[in-house]
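Colleague: here is my input, please return the structure:
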Amino acid sequence: MKKILIPVMIIAIIVALYEQVEAEKNVYVMVVAIVVFMFGMMQLSAKTPSKNQDKEDQNV
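Modeller: Alright, predicted model coming up:
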């Protein structure tokens, strides 16, 4: 899954930057690119363990 998310996020960033440079900006393309990037970041960061996970395990 990680191998798919990272290239998709890079493509979304490139599309968003390309739309920003154009004379006629398409807001919908920018919004979709940002949503795809944020969704990818959410998926990647969901697998990162919390700093407080050790403390929570000790308290139980």
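
Colleague: any idea which helix or strand in the protein has the lowest mean pLDDT?
Modeller: Every helix and strand of the chain was ranked by mean pLDDT, DSSP states H and E. The lowest is helix 53-59, at a mean of 61.

Colleague: where does K25 land in three-state SS?
Modeller: What DSSP: H, G, I helix; E, B strand; the rest coil gives for K25 is coil.

Colleague: who touches the nearest residue in space to it that is not next to it in sequence in this structure?
Modeller: Among residues not flanking K25 along the chain, E19 sits closest, at 5.8 Å (CB to CB, 6 or more residues apart in numbering). All C-beta atoms are positioned from the backbone trio N, CA, C, and that covers glycine. By CB atoms under 8 Å, 6 or more residues apart in numbering, E19 lies in contact with K25, N26, V29, M30, A33.

Colleague: list only buried entries from those residues.
Modeller: Burial by neighbour count, 16 or more other CB atoms under 10 Å: within the contacts of E19 this picks out M30, A33.

Colleague: where does pLDDT dip in this structure?
Modeller: Along the chain, segments meeting pLDDT under 70 span 53-60.

Colleague: contacts only, for the residue nearest the centre of it.
Modeller: Closest to where the C-alpha atoms of the chain average out (CA atoms, centre = their mean) is M41, at 2.8 Å. Residues in contact with M41 (CB under 8 Å, 6+ apart) are M9.

Colleague: could you rerun that using 7 Å?
Modeller: Residues near M41 by CB atoms under 7 Å, 6 or more residues apart in numbering: none.

Colleague: number the chain from 559, please
Modeller: That works, and once the first residue is 559, the last one we named lands at M599.
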